[in-house]
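1. No letters, just coordinates:
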Ligand SMILES: C[S@@+](CC[C@H](N)C(=O)[O-])C[C@H]1O[C@@H](n2cnc3c(N)ncnc32)[C@H](O)[C@@H]1O
C-alpha cells in the first residue's frame, strides 16, 4: 500500500467511527446540541406535513436527521417495494410504509445495527412494518433489480465512494425504477482541512 492509499484508508475508517458515534448520539440523545438541524424542527423546515409528524412515534421524529424531503417527488404507490438507504431512526421508512400500504414493502439499510433495531421498533409503533438490514450503502445488501423506488435523505454525502453508491442504487433498482434523493452538495471546492476532518464530514 502506498502512503497516500494508507492515509485514505485510515481517514475512511476514522470517518466510519465518527458517523456511527454521531448518529447514535442523535438517536439516543436527540436533545443534545448538534450543528445540524434535526428532529421535528428540521422536518417542519423541509415541509413534512404536521399530521405525519403527529402520527409518527415521537422517538422517530426527534431523531430525524435528514437534510430535505424525498417524499415530495417519490410518488410512491400501494404495493411498491421501497429501499430507504441510511434509514436512521426510521421516519422516512415509516412515511414510505404508510404510502405503499400492507401490500408494499419497505427495506431500510443502515451501517449501524442498533439504528436498524430502533427503526424497526419505531415502524411497528407507527402501525407499519419495515425490514431493516444492517449493511453499507457501498455494498447494498439486496439483489439486483429488486426495488421499485430508492429513497435516501442526507446519507450519500457521508460516503468516501459516492460513484460506487450510485452504481449500487442503479444495480438494485428494477428497470423503470425511481430514485428520490435529498442530500447536500457544495458548489465550492472544500479545503483539505475540511475534507480531512471526520467530524465535519460526518455531520
Ligand atoms: C444523516 S442520517 C439520515 C438518517 C435518516 N435518513 C433520516 O432522515 O433521519 C445518516 C444515516 O446513514 C447511516 N449511514 C452512514 N453511513 C452509511 C453507510 N456507509 N452505509 C449505510 N448507512 C450509513 C447512519 O448510520 C445514519 O443512520
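-> Cool, got the structure. Small disclaimer: the values here were computed from a predicted structure and weren't measured.
2. Any buried residues in stretch 154-168, and which?
-> Neighbour-count burial for stretch 154-168, with 16 or more other Cβ atoms under 10 Å as criterion, is recorded at 154-156, 158-159, 165, 168. Where you see a C-beta, it was placed from the backbone N, CA and C, and this is true even at glycine.
3. Including pLDDT and distance to the ligand, could those residues go into a markdown table?
-> Shown next, in a markdown table, are these (pLDDT from 0 to 100; distance: Cβ to the nearest ligand atom, whole Å):
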| residue | pLDDT | distance to the ligand |
| --- | --- | --- |
| 154 | 94 | 4 |
| 155 | 96 | 4 |
| 156 | 96 | 9 |
| 158 | 92 | 5 |
| 159 | 92 | 6 |
| 165 | 98 | 8 |
| 168 | 98 | 10 |
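4. Secondary structure added to the residues you listed, as TSV?
-> Formatted as TSV, the buried residues of stretch 154-168 follow (DSSP: H, G, I helix; E, B strand; the rest coil):
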residue	secondary structure
154	coil
155	coil
156	helix
158	helix
159	coil
165	helix
168	helix
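5. need the contact list for the residue nearest the centre of the chain.
-> Most central in the chain under Cα atoms, centre = their mean is residue 86, positioned 2.7 Å from the mean C-alpha point. Counting by Cβ atoms under 8 Å, 6 or more residues apart in numbering, residue 86 touches 109-111, 137, 152-156, 158.
6. how much space between it and residue 49?
-> 22 Å (Cβ to Cβ, to the nearest Å).
7. same deal with residue 142?
-> 29 Å.
8. Next: residue 19.
-> 29 Å.
9. now residue 130
-> In this view, residue 130 and residue 49 are 20 Å apart by Cβ to Cβ.
10. repeat for residue 154
-> Distance from residue 154 to residue 49, by Cβ to Cβ: 19 Å.
11. how about stretch 4-21 against the ligand, any contact?
-> Yes. Judged by Cβ under 6 Å from any ligand atom, stretch 4-21 comes into contact with the ligand through residue 19.
12. Stretch 128-139 now?
-> Yes. Counting by Cβ under 6 Å from any ligand atom, contacts between stretch 128-139 and the ligand involve 136-138.
13. residue ranges of the helices in the protein, please?
-> All helices of the chain, identified by DSSP state H, fall at 3-28, 39-45, 50-55, 58-62, 91-100, 113-125, 162-172, 192-195, 198-201.
14. Now for the residue nearest to residue 52 when sequence neighbours are not counted, how many residues are close by?
-> Spatial nearest neighbour of residue 52, excluding adjacent residues (Cβ to Cβ, 6 or more residues apart in numbering): residue 95 at 5.8 Å. Per other Cβ atoms under 10 Å, the neighbour tally for residue 95 reads 28.
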